[in-house]
Each structure stands twice: as structure tokens, then as C-alpha cells.
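[1] What follows is a predicted structure for the sequence shown.
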Protein chains: 2
Amino acid sequence: MDYSRLISDKMLGVKASAIREIFKVAGQPDVISFAGGLPAPESFPVDAIKAICNDILDNEPITALQYGISEGYAPLKELILARMQEKEKIDTTNDDIIVVSGSQQGADLVAKVLLNEGDGVICEEPSFIGCLNTFRTYNAKLYGVPMNEDGMDLAVLEKTLQENKNIKLIYTIPTFQNPSGITSSLEVRKGMLRLAEQYGVMILEDNPYGELRFSGEAIPTLKSMDTAGVVLYLGSFSKVFSPGLRLAYLIVNKGMMEKLVVGKQATDVHTNVFAQMIAARYLRDYDIDSSIEASRVLYKHRCSLMLSCMDACFPKCVSFTRPEGGIFIWATMPEGIDSGKLMLEAVERKVAFVPGSAFMTDIEKPSNCFRLNYSTMSDEKIEKGIDILGSLLRERL
Amino acid sequence: MDYSRLISDKMLGVKASAIREIFKVAGQPDVISFAGGLPAPESFPVDAIKAICNDILDNEPITALQYGISEGYAPLKELILARMQEKEKIDTTNDDIIVVSGSQQGADLVAKVLLNEGDGVICEEPSFIGCLNTFRTYNAKLYGVPMNEDGMDLAVLEKTLQENKNIKLIYTIPTFQNPSGITSSLEVRKGMLRLAEQYGVMILEDNPYGELRFSGEAIPTLKSMDTAGVVLYLGSFSKVFSPGLRLAYLIVNKGMMEKLVVGKQATDVHTNVFAQMIAARYLRDYDIDSSIEASRVLYKHRCSLMLSCMDACFPKCVSFTRPEGGIFIWATMPEGIDSGKLMLEAVERKVAFVPGSAFMTDIEKPSNCFRLNYSTMSDEKIEKGIDILGSLLRERL
């Protein structure tokens, strides 16, 4: 059987995530991996989850194990909306919420509902490879807009919108972006909103890291400033509770919800009910804010340590971001240096990172940038790994 | 904001599942609903799941709560493969397995990987509305092949394949089909395999009910007879363990797996790890076969009771299937009677079922058939509900 003949056009060009391939190397026990993007496991509230599981299975086992509804477990939806109103000042009067099986599924449903093949999606360049791949599986055309220190370059964004009438969506991670760690300024956010309204396109605001701020001042979400209903807000439990449970949520204008629900029905019927009940009881009965605060303290320490090691041993021609939260640092080498080749050498010395090309709209083009993650690393590994990487960089640059 | 202008072509024509809309009526406490498709909650092994949850959270909490891999939790994959080799005589030498978030996602991934817009999918007429909607969200063209008492009409199947070169996939539920309860004969299965090979198309064998046989002789799965690698086998935990946990699996030729994994990565990264570990430990440490046997005994009783009530009080001009397993009975009224209109009258008398049109490739066309479900009903409700329905049918026919 010649299967290749049967594969859909939209899947022909999409390859297994480069990051996941790198994980296979990085997962070897003797490799110090800065390639990951996992939350620190010490942040998982294991004891609370255990108590909650027992409570659910003692008192509401049938609800947890039977089919649920596509929109999500109602008490969880209410708790999330109340929390988002309080924490992110999101006015949800005109909105509704759907629980999804992780942020990636949120992006998948938005793509399903909005995108015909050939429709355009504007993304930050660099951006999160997972969602870029999601858009690719719909045969969308990706338009990368370069990131400045304060977020998307608004002039390029406007030019891209002017010149390409096929664009339907702007994809942004405005806070502690993956992979760059950059936080979009208030001005950039307002500019994005204005342009989205003006050109009649939607914005997917992906905010998995927003609560992980460990320095600087909070900047309002795009959603909280969205008076026109152009923002689709995607929140996640993966970085503040547990990624293994696959829980996220879309908050969107009511006018957009029906098709998202139909898409969800046709995709996986509904999200795991037991997991939704665990999250709901955790929000209701425990203090998620102190758990998040503990993560912030941990990530602040690890980020500071990694940055000071990089200051000490990276050559001066390598610049890097200094994130105020989240879990990633983005390093930029001089033009013409290929981080893909460097990565192969680094892996030989038992250190791994993700080359910048993985995060670009054109993954074939070599990149002089790379992503470093610090969220799961011990001090010792951060010091040793950055020392090895610094030596390699000094030798090569 | 005019959202309708932004909706993708493929989602424009897909409506919220008629069944789910009917559930809103059927869910009212005073309505006897034969409209559902839920497993009996008394079949859920609650105590075992509770013990397993405690064990997992005591001993491997990080594995359960951290990110997993797209292919699925390795011990679960091995246990499922071993079980399928033993129970369904599936030779998995050339195959691989991917764990998915329910059968619906299995169908979604198959559609994503195979179907361009306009590609054809042959389905049984009637067929499972959920998967028909999944194919619709890819703008696939559906070709219904009528069901005889022994499965798809092979002559119509061959003619459809001959006349439509855009066909890539045959979708079948060969055992205790939803909605008809029909089991395809060995001859029909062999015919489908032969035709798929001859015309170079794949078969998606959806088998969520196969283990729920309560009378008659088992018939081999298409997958177990598939020497050419044309069958994509979709198994599920929803009807034999728990639907709320959203666990199913695709067993396919290795040549098909890479793109399915890429599709899974882009769709929801991976299936809930905690749920996968619960299922794995249940398969490893408990006796799922006796739990399934208990469901069989229960469903046999409920099916027999419903059939004997129907024999007693339905007018003779209404025929119906006599399933040897599964959870559905399909009733056929004389030509020209619209089960959609009848349903509205039935609901007024506090009984619900699903009109046949919901399961057709053309959902706008009235159907003289309807689906009845017995899996969650008490004896009293079966007797009372069928009595009410029988009265209504005798009045109208």
C-alpha cells in the first residue's frame, strides 16, 4: 500500500515538531537540557490533587466518569470566568467560555473555525512552534512580523495587513513570549487592537505564562482592552497547575462561540471531565495564588542565576533577553552563525537547547538565535550547562 | 464585529449535533429518554479507579501531571496491543498504536491526515452522526451506502467507488453499529476489504461496541483480516471503562503513523497522562473482562426487555433490528412517516428518541426511522417509555 499517495495536501509539508525530536536527544540522562518547556514538577500540588480525587470519587464518581458536555464542566467555567474578571480585569459580559484540552487545542479550534486553506495568519517572528504547526495543518499562510524589544513591529504589522487581504488572524503571546521571553508593551498591545479592528481581523491572545511574572509591572491583557470583540483569549492550566491534565480555556465573544462548540464536538466531544472537576475543586477549595507565587519565586531564582551565568561566560557578541517572567530566555549570536550547527556541537558536549529556526515561519532558514529554558533546572545544572555553552560560544565566535 | 464573514467555509455548513440538542430536552428529569448513547454508570469501576488514583499520586505523581508524549503513555500502548492481539486476533507486527482523546479524535486525526476538501468518504447509511460531522468539518463529500441486515450493500459500495475517484476512505462501524445495531457479516467484511484494496482506499474500522456482544457468534474484525494494511482500527475505552476520561486508540500500519502523530501534536499535544495511567493500571491490575461481562449481562437484559415491549405494543408495520450486542435498536416505520415530527409528539408525552435523519448524509431529508437506546434505562422506564411510544405509533400509523 502506497500511503503517501493518500496523505492530505495540508499534512504533506508538516513535520514532526523539531523540539520533540530534540527532546529525544535532550532526554538522555547525561545531557543538561535547556531545550524543554516544562513547568517545574515541584509546583504540582500533588497532595491537594490526591485529596480532591478521593473526594470526587467518593461523592460524584458518575459525573467524573460519564460523558460531559462540549462546552465544559459548568462549575469550572464559572470559576475561571470569576478568576479572569478579578485577575486579568477581563469584562466577560459579552463573552462566553469553552474548556479545551490544552492551549494547543484552543489554537486548533480557532484555526478550524476561521481558516480556509490559503488564509493568512500573522504571527510573531519568532513564535511558538506548536501553534505555527497547528496553522500549517490547515494550510494557512504564515506571515511573520519581527519582534522588537517591546513586541511586534507595528509598522510591519500594518504593512502586512495592508498588502495581504487573505489575513484573518493575528496570533500573539504578548506576555513572556515563547520563545523570546519578550513582553509586549502597552503601546504595542493597543496598536495591535487598533489594527485588528481597522482591518477586520481577529487576534488570538495566547497567555499561558501571564501569571508567572516575577519582576516588573503587569501590563493589561489585550482581551481586557478589547471593546470591539476582536480578541480570542486563550488561558491555560499547564504552567500554573498541571500540563499532564490537558486543561485550557477560550474566552470569546458570544458571537464566535457556536462554531467553536461545534468544532469541539467534532474534534473530541469534550475535555476529560475528571480533570475538569479536579481543577474546579482546586480553584474552589485551595489557594492557587500561593501555589503560583511559589512558582514565581522559583523561576525568578533560576532565571536570575541563568542570566548571571550568561553574563559571566557568554561572549559579548551574544545578546539575550532579560524576561520579567515565564520560563524562556532568547539568545542572539552575530549574523551568519547557525544555531542549528551549534546545537549539534553542544549536544556532543552534553548540553541541549532549541535552535531559533524551529520558531520561524520558514524553518528551513538557518537562525543565529536559540532558546534557553530554566524552569526545571537545578542550580548546579544551570551553572554547569551555561559554562559548557559559554566555552563553546567563545570557541566558535 | 461581523463574525460570520470570518467563519471558514468548512464550518459554515456544520451544525451543532442534533443529538446534543435533543439531549437538552431529553435531559429534563420527567422525560424518559431513549435518545442517549451513554454506557451504564453502574459499569464504572469506581472503587478500582479510586485505589489506582491513590497509587499513582503516591508513587508516580510527576509522570501523571507533567507533559507526556504525543504517541501515548508507553505502558498503556503495550497493554492495549497485547489485549487486541489476544481478543481481536489483530496481528500487530506491521502496526503501531497511538492513544487518542476518545474515538472522535481518532476520526478527526484520520480526516486531517487523509482528506483534502472535496475528497470523498463512504459511510454506512445510517451512520454515527459524530464522525459524519467530523468529516463535514473537513469539507469532505459524504457518500452514503445503504445498510442491509448484514451490513453495507456491497454492490452499491462498488458502484460508488467506481464512479467517484475522489474517495479516500470508507468509514464503518461493523459491529453493533451506531445507530442501527447491525453487525456486518463476515462476507460483507471480506467484500469491503477486497474493494478497499482494489480501489486503493483506506477503511476506518470504528469498534467501540465490539466487546459488548451478548448473543450470537463473534465475527472477526476487518483489521484482523487485513493483509494489505488498508484498515485503520479505532478502539475505545468509552463503552467498557469510562467515557469521561476520553481514551481511545488507533492501530494502523507503521507507514501511516508519522503523520497521525504530527496531527496529534498539532491538535492537543497528547492525551491526558493521568487518565492514560489510570487505564493502564486497570488493564494491568484488575479484571476488565469480568467488568465487561457484567455490562453484557446488563445490556442483554435491557435489550431483551425493550425488544419484548416493542413486540408487544408497536404496530406490526414498524420493523426493528434485534442487536446481538451494543446499546442501540433501530426502528423503521412505513415510508413517508417523518420520525422528526413524531419525536416532537413523543417529547410532549415525555419520551425521547433520536430521529433517523440525524444519522444520514443528508440531514435535511425526513427519515421514517429512529434510534432507541437501552443501556442506561431501568426496567420500569423501558416498559413505561415503550408503552407510551407504542400508543403514539398506533395512533399515528
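    Now that the structure is in, tell me what you want to look at. Note that this is a predicted model, so its numbers are computed, not measured.
[2] Touching, A:Arg394 and A:Ala312? I think so.
    No. Under the criterion of CB atoms under 8 Å, A:Arg394 lies out of contact with A:Ala312, with a separation of 11.7 Å. Where C-beta positions appear, they are placed from N, C-alpha and C, glycine not excepted.
[3] wait, does the longest helix anywhere in chain A contact chain B?
    Counting by DSSP state H, the longest helix found in chain A is helix A:288-313. No. Helix A:288-313 does not reach chain B (CB under 8 Å from any CB of the partner chain); its nearest approach is 12.6 Å.
[4] model confidence over that helix, on average?
    Mean per-residue pLDDT for helix A:288-313: 98.
[5] Which strands or helices does that helix pack on?
    Packing partners of helix A:288-313 (3 or more CB pairs under 8 Å, 6 or more residues apart in numbering or on different chains; DSSP states H and E): strand A:328-332, helix A:379-396.
[6] just those: most buried one?
    Highest mean neighbour count of those: strand A:328-332, a mean of 21 (counted as mean count of other CB atoms under 10 Å in any protein chain shown).
[7] That one pairs with which strands, and in what direction?
    Applying DSSP bridges to the sheet, strand A:328-332 is found paired with strand A:319-320 (antiparallel), strand A:369-373 (antiparallel).
[8] can you pull out the helices in chain A?
    All helices of chain A, identified by DSSP H, fall at A:9-12, A:18-26, A:46-59, A:61-65, A:74-88, A:103-114, A:129-136, A:154-163, A:186-199, A:254-268, A:273-285, A:288-313, A:339-348, A:379-396.
[9] For the ones you listed, which has the smallest mean pLDDT value?
    helix A:18-26 (a mean of 66).
[10] returning to what we had before: quick one: the longest helix of chain A to helix A:74-88, angle?
    50 degrees (axes from the mean of the first three to the mean of the last three CA atoms, to 10 degrees).
[11] about what we covered before: out of the strands paired with strand A:328-332, deepest packed?
    With neighbours defined as mean count of other CB under 10 Å, those peak in mean count at strand A:369-373, which reaches a mean of 26.
[12] What angle do helix A:129-136 and that one make with each other?
    Per the same axes, to 10 degrees, the angle that strand A:369-373 makes with helix A:129-136 is 120 degrees.
[13] Not counting strand A:369-373 itself, show me its contacts.
    A:34-38, A:126, A:179-180, A:306, A:320, A:327-333, A:339, A:342-343, A:353-356, A:358-359 (CB atoms under 8 Å, 6 or more residues apart in numbering or on different chains).
[14] switch to 6 Å and redo it
    For strand A:369-373, contacts defined as CB atoms under 6 Å, 6 or more residues apart in numbering or on different chains pick out A:34, A:36-37, A:179, A:327-332, A:339, A:353-356.
[15] quick one: which two of these are the most distant?
    Within the contacts of strand A:369-373, two members stand farthest from each other by CB to CB: A:Gly36 and A:Thr332, at 20.5 Å.
[16] need the contact list for A:Leu393.
    A:Leu393 sits next to A:314-315, A:318 when contact means CB under 6 Å, 6+ apart.
[17] out of those, which are buried?
    Buried members of the contacts of A:Leu393, counted by 16 or more other CB atoms under 10 Å in any protein chain shown: A:314, A:318.
[18] Let's have the contacts of A:Leu393 in JSON lines, adding distance to A:Lys112.
    Below are the contacts of A:Leu393 laid out as JSON lines (distance: CB to CB, whole Å):
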{"residue": "A:Phe314", "distance to A:Lys112": "42"}
{"residue": "A:Pro315", "distance to A:Lys112": "46"}
{"residue": "A:Val318", "distance to A:Lys112": "40"}
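[19] Now render the contacts of A:Leu393 as TSV, adding distance to chain B.
    Output for the contacts of A:Leu393, formatted as TSV (distance: CB to the nearest CB, whole Å):
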residue	distance to chain B
A:Phe314	28
A:Pro315	33
A:Val318	29
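[20] interface residues of the stretch 151-300 of chain A facing chain B?
    Applying CB under 6 Å from any CB of the partner chain, we find that the stretch 151-300 of chain A lies next to chain B at A:168, A:228-229, A:242-246, A:255-256, A:259, A:262, A:265-269, A:272-275.
[21] which of those are buried?
    Using 16+ other CB under 10 Å, the buried members of these are A:168, A:229, A:242-246, A:256, A:259, A:262, A:265-269, A:272-275.
[22] For the residue nearest to A:Lys223 when sequence neighbours are not counted, which residues count as its bridge partners?
    Excluding the flanking residues, the one nearest A:Lys223 by CB to CB, 6 or more residues apart in numbering or on different chains is A:Tyr233, at 4.0 Å. On the basis of DSSP bridges, A:Tyr233 is bridged to A:Glu205, A:Ile251.
[23] Can you report how many residues lie near A:Tyr233?
    A:Tyr233 has 25 neighbouring residues, counting by other CB atoms under 10 Å in any protein chain shown.
[24] the longest strand in chain A is where?
    Criterion DSSP state E: the longest strand present in chain A is strand A:141-148.
[25] Could you list the low-pLDDT ranges of the stretch 101-250 of chain A?
    For the stretch 101-250 of chain A, applying pLDDT under 70 flags no range at all.
[26] Go through the helices of chain A and pick out the most buried.
    It is helix A:103-114: most buried of the helices of chain A by mean count of other CB under 10 Å, with a mean of 28.
[27] can you give me how far that helix is from the chain middle?
    Remark: helix A:103-114 is offset 13 Å from the chain centroid, using CA atoms, centre = their mean, to the nearest Å.
[28] Could you do stretch A:164-182 as well?
    In terms of CA atoms, centre = their mean, the centre of stretch A:164-182 is found 10 Å from the chain centre.
[29] And for stretch A:211-225?
    On CA atoms, centre = their mean, the centre of stretch A:211-225 falls 15 Å from the chain's centre.
[30] Equivalent analysis for stretch A:84-92, please.
    20 Å.
[31] how long is it from one end to the other?
    With CA to CA, to the nearest Å as the measure, the ends of stretch A:84-92 fall 9 Å from one another.
[32] Mind listing residues that contact that stretch?
    With CB under 6 Å, 6+ apart, stretch A:84-92 has contacts from A:81, A:221, A:223-224.
[33] between the residues you listed, which is nearest chain B?
    Closest approach between these and chain B, by CB to the nearest CB: A:Lys223, at 13.9 Å.
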